[in-house]
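*Asks:* Let's see this in three dimensions:
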Amino acid sequence: MLLDDFSELENTRLEKMLRMREEGTEPYPTRSNKTMTNAEALKAFEVAEADGKTEVPDVTLAGRVRAIRDMGKLCFAHIEDSSGKIQLFLRINELGEEKLASFIRDFDLGDFIQASGALTRTRRGEITLMVHDFVMLAKALYQLPADKDQVIDGETVRHSVLTDPETRYRQRYVDLAVNPEVRDIFKARAKIVDTVREYLDNREYIEVETPILQPIYGGAAARPFTTYHNQLHQELFLRISFELYLKRLIVGGMDRVYEIGRDFRNEGVSFKHNPEFTQLELYEAYTDYHGMMRIAEEMISQCAYKLNGHYLINYDGHEIDLTPPWPRLTIRQGLIDFAGIDIHDYPTVEAMEALLKERDIPFKPGVPRGKLIGILMEEYIEPRLIQPTFLCDYPRDISPLAKNVPGDPTTVERFEIFIGGVEMGNAFTELNDPIEQEKRFMEMAKAYAADDEEQHPMDHDFVRALAYGMPPTGGMGIGIDRLVMMITGKNTLREVILFPHLRKIEDQ
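*Replies:* Here you go, the predicted model:
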């Protein structure tokens, strides 16, 4: 029960709430009569002041009480709404002794107040609401955490702050309430997503929605979450990708499509992984992975520019320049440059395994050659790709949905985007040969163990769709959470996901 957890201070707040109710004052009234936001109030006074006026009468504001200074016959307070803070001035002359006393007696930091009065500027220059009436909008029974003293204009004021990461992520509502810079992160996130939509909409892409519950998962290498539909008597999977459904739309004549939505992968949690995440996928007919590169560098750099007014970002101690164009680096050349390894010298699984053993790099025996090359990439190339780079031309046996590089049966036209040493996106020249696609699915079934998360299940309906004809197509997926993390300079996805998944407290 909620009340069982109350501390002495919280019980004091509860007593205040109950006393107000006993005295006929509802601490949680049904409605607010707020007439403008705090930011609008500040702007309205500045406009009036420019016209030679000294006050703006009859304003009603509302917000959370963030600071209180009790000075006897007068009291200052700061309240905050989503637009910002404003100062309240409560004085016995306007309110009377009993009303002022009720504010001092009943209100605590964190409570919500509605205050009416005239806007003016104090002698110290701060735009302030001269309060002639107020009501409680909501009594906060829990105390906002970790009060901290701060000196403002020579006066000591108590503010609430929260810095412990574990508490911040588990109780995001408290984090948002006391840390305005956290709210700024999620405003930035919304702006980045808006910029992505604007960029694609301006290029005549159509935003669509595809199923989250799928009878066959596919389009990525990941372990799915499973569920069961009682009415249909059918096992279903939460999607790990939108890809196969979006490419069905290309078959159907929708030449440019995209989706921004949730994917679900039953995998580990890290600074760059969350089992539920937001993904952008886009597909365009009559282009290839070179076209996707141009879109990626333009769109991502535009997101940074719209947010910050320039193409520079700071991530993990690095200044990164997102100005297009970005370098293109093949995996083969990257391993030659950074490790002195030419993968053409190791054409078999056995040769590649011997190389990894020689270099003391751990690997799981019995996996395809391409997966071993991927381990070398992670070891030697990815940490060095701090400036934005397209890492291109991947092994065919780990890329079942991409077209071969012409003249090279072991390599496909695929790239991944790396910024700050972190993979941000994945793109292909899409395979559109239905016979070859079916063959790839069958090869994957033979090459991987049934419980391997890299295993890609056969999707007969997708192969059937390709058999109706799909034009040459480029496709790309970009993780929105990672993109926001990078552009805002945060070092973990937990800072840019409102409610990240965490272990249960008793499991820690």
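
*Asks:* tell me the domain ranges of this structure?
*Replies:* Using automatic domain parsing, the domain parsing of the chain gives 2-161, 182-327+387-507.

*Asks:* in the stretch 201-350 of the chain, which spans are strands?
*Replies:* 206-207, 213-214, 226-229, 234-238, 256-264, 276-285, 312-315, 318-321, 328-330 (DSSP state E, counting those that start in this stretch).

*Asks:* list the helices and strands the first one packs on?
*Replies:* Okay, so that is strand 206-207. helix 180-201, strand 256-264 (3 or more Cβ pairs under 8 Å, 6 or more residues apart in numbering; DSSP states H and E). Heads up, the C-betas are built off the backbone N, CA and C, glycines and all.

*Asks:* ok, which stretches of the stretch 351-500 of the chain are helices?
*Replies:* Applying DSSP state H, counting those that start in this stretch to the stretch 351-500 of the chain gives helices spanning 369-376, 434-447, 460-467, 480-488.

*Asks:* possible to save those as CSV with mean neighbour count, distance to Gly334 and mean pLDDT?
*Replies:* What follows is the helices of the stretch 351-500 of the chain, written out as CSV (neighbours: other Cβ atoms under 10 Å; distance: least, Cβ to Cβ, whole Å; pLDDT from 0 to 100):
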stretch, mean neighbour count, distance to Gly334, mean pLDDT
helix 369-376, 21, 9, 96
helix 434-447, 16, 24, 87
helix 460-467, 16, 32, 96
helix 480-488, 24, 20, 97
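
*Asks:* Tell me which of these sits nearest to Leu95.
*Replies:* Leu95 sits nearest to helix 480-488 of all those, at 43.2 Å, using Cβ to Cβ.

*Asks:* what's in contact with the closest one?
*Replies:* The contact list for helix 480-488, computed with Cβ atoms under 8 Å, 6 or more residues apart in numbering, reads 185, 188-189, 192-193, 196, 260, 272, 274, 277-280, 300, 303-304, 307-308, 313, 315, 320, 419-420, 422-424, 490-493, 495-497.

*Asks:* mind redoing it with 7 Å?
*Replies:* Applying Cβ atoms under 7 Å, 6 or more residues apart in numbering, the contact partners of helix 480-488 are 185, 188-189, 192-193, 260, 272, 274, 277-280, 300, 303-304, 307, 313, 315, 419-420, 422, 424, 493, 495-497.

*Asks:* which of those residues are buried?
*Replies:* 185, 188-189, 192-193, 260, 272, 274, 277-280, 300, 303-304, 307, 313, 315, 419-420, 422, 424, 493, 495-497 (16 or more other Cβ atoms under 10 Å).

*Asks:* still on that earlier bit, kindly reformat the helices and strands packed on strand 206-207 as CSV and extend each row with distance to Leu335.
*Replies:* Compiled in CSV, the helices and strands packed on strand 206-207 are given as follows (distance: least, Cβ to Cβ, whole Å):
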stretch, distance to Leu335
helix 180-201, 32
strand 256-264, 30
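
*Asks:* Kindly compare burial across those and name the winner.
*Replies:* strand 256-264 (a mean of 19; mean count of other Cβ atoms under 10 Å).

*Asks:* who does that one touch, helix- and strand-wise?
*Replies:* Applying 3 or more Cβ pairs under 7 Å, 6 or more residues apart in numbering; DSSP states H and E, one finds that strand 256-264 contacts helix 180-201, strand 206-207, helix 243-251, strand 276-285.

*Asks:* so what strands line up beside the shortest one?
*Replies:* In the sheet, strand 206-207 lines up against strand 256-264 (parallel) (DSSP bridges).

*Asks:* what residue ranges in the stretch 401-508 of the chain score low on pLDDT?
*Replies:* Where the stretch 401-508 of the chain drops to pLDDT under 70, the residues are 447-455, 506-508.

*Asks:* mind listing the strands for it?
*Replies:* Using DSSP E, counting those that start in this stretch, strands in the stretch 401-508 of the chain cover 404-405, 408-419, 422-429, 473-479.

*Asks:* So in that sheet, which strands flank the longest one, and in what orientation?
*Replies:* Spelled out, that is strand 408-419. strand 389-395 (antiparallel), strand 404-405 (antiparallel), strand 422-429 (antiparallel).

*Asks:* Extract the residue ranges of the protein that are flagged as low pLDDT.
*Replies:* The model of the chain has pLDDT under 70 over residues 1, 146-160, 447-455, 506-508.

*Asks:* Go again with 50.
*Replies:* Low-confidence segments of the chain (pLDDT under 50): 508.

*Asks:* can you give me the end-to-end distance of stretch 282-296?
*Replies:* End-to-end span of stretch 282-296 (Cα to Cα, to the nearest Å): 11 Å.

*Asks:* List the buried residues in it.
*Replies:* 282-285, 287-289, 291-293, 295-296.

*Asks:* Who does the residue nearest to Gly420 when sequence neighbours are not counted form a beta bridge with?
*Replies:* Once flanking residues are discounted, Gly420 sits nearest to Tyr315: 4.2 Å by Cβ to Cβ, 6 or more residues apart in numbering. Per DSSP bridges, the residues bridged to Tyr315 are His318.

*Asks:* quick one: Tyr315 and Thr195, what's the gap?
*Replies:* Note on Tyr315: its distance to Thr195, by Cβ to Cβ, to the nearest Å, is 18 Å.

*Asks:* now His501
*Replies:* Taking Cβ to Cβ, one finds His501 at 27 Å from Thr195.

*Asks:* Each with direction, which strands does the longest strand along the chain pair with?
*Replies:* For the chain, the longest strand by residue count, based on DSSP state E, is strand 56-70. When pairing is defined by DSSP bridges, strand 56-70 lines up against strand 74-81 (antiparallel), strand 112-121 (antiparallel).

*Asks:* Contacts for the longest one next, please.
*Replies:* Think strand 112-121. 32-34, 41, 44-45, 54-57, 59-65, 79, 88, 107, 127-138.

*Asks:* right, and the helix or strand after that strand?
*Replies:* strand 127-138 (DSSP states H and E).

*Asks:* Could you double-check that Gly477 lies in contact with Glu281?
*Replies:* Yes. Contact criterion Cβ atoms under 7 Å: Gly477 and Glu281 qualify, at 4.5 Å.

*Asks:* The residue nearest to Asn491 when sequence neighbours are not counted: how many residues sit nearby?
*Replies:* Of all residues not flanking Asn491 in the chain, Asp316 sits nearest, at 5.9 Å (Cβ to Cβ, 6+ apart). Residues lying near Asp316 (other Cβ atoms under 10 Å) number 14.

*Asks:* Report how many residues lie close to the closest residue to Ile386 other than its chain neighbours.
*Replies:* Nearest residue to Ile386 in three dimensions, chain neighbours excluded: His318, at 5.2 Å (Cβ to Cβ, 6+ apart). If you count neighbours by other Cβ under 10 Å, His318 ends up with 13.
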